[in-house]
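Novice: need coordinates for the following:
(one chain, ligands or ions: 1)
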Amino acid sequence: MIKYMNGHEETPEQAALNSVPTGWYNLVVKMLNDLLAAGWDGETAQIKEKFGVLRLYTNGNWSEEMDAIYDKAEADSFKTCAVCGEPGEMFYKGWISPYCKEHTPKDRT
Ligand SMILES: [Zn+2]
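Specialist: Residues are numbered from 1 along each chain as shown. Just a heads-up that it's a prediction; the model follows:
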């Protein structure tokens, strides 16, 4: 369970669904489950996409192992299409998000 500051709780699946672009769903669910498996207590302030990169703000216990899990997910998010989850590239134009070729907004290029 992910435990938010405001007291509500979510499964990693719900947290991913509610917080990040659809294409990152699997990546975020895996990260949260890996963190919990590594002994994380799930205390978190926020999970979100910021400037095209996955961000986790946590108040919980933290270890080097969790750092490594988070670093990996963060690095993966940077090159994962925010729409479909396929490999993508950072797209800067008005906003910043990674997209695959198919989902790069064409009207903005
Ligand atoms: Zn895509």
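Novice: chain center to the lowest-mean-pLDDT helix or strand in the chain, what's the gap?
Specialist: Across the helices and strands of the chain, the lowest-confidence element by mean pLDDT, DSSP states H and E is strand 89-93, at a mean of 80. In terms of C-alpha atoms, centre = their mean, to the nearest Å, the centre of strand 89-93 is found 17 Å from the chain centre.
Novice: doesn't Ile96 belong to a strand?
Specialist: Yes - assessed with DSSP: H, G, I helix; E, B strand; the rest coil, Ile96 lies in a strand.
Novice: what separation do you get for it and Ser77?
Specialist: Note on Ile96: its distance to Ser77, by C-beta to C-beta, to the nearest Å, is 12 Å. (C-beta placed from N, C-alpha, C; glycine too.)
Novice: who's more crowded, those two?
Specialist: Taking neighbours as other C-beta atoms under 10 Å, Ile96 and Ser77 compare with Ser77 leading, 24 against 13.
Novice: surely that one is in contact with Pro98?
Specialist: Yes - using C-beta atoms under 8 Å, Ser77 makes contact with Pro98 at a distance of 7.3 Å.
Novice: between these two, what contacts are shared?
Specialist: Gly52 (C-beta atoms under 8 Å, 6 or more residues apart in numbering).
Novice: which bits of the protein sit near the ion?
Specialist: Within the chain, the positions near the ion by C-beta under 5 Å from the ion are Cys81, Val83, Cys84, Glu86, Cys100, His103.
Novice: who's in contact with stretch 70-81?
Specialist: By C-beta under 8 Å, 6+ apart, stretch 70-81 touches 23-24, 27-28, 30-31, 35, 49, 52-56, 86-90, 98-100, 102-103.
Novice: swap the cut-off to 7 Å and go again
Specialist: With contact meaning C-beta atoms under 7 Å, 6 or more residues apart in numbering, stretch 70-81 is reached by 23-24, 27, 31, 52-54, 56, 87-90, 98-100, 103.
Novice: got the buried residues for that stretch?
Specialist: Tyr70, Ala73, Asp76, Ser77, Thr80, Cys81 (16 or more other C-beta atoms under 10 Å).
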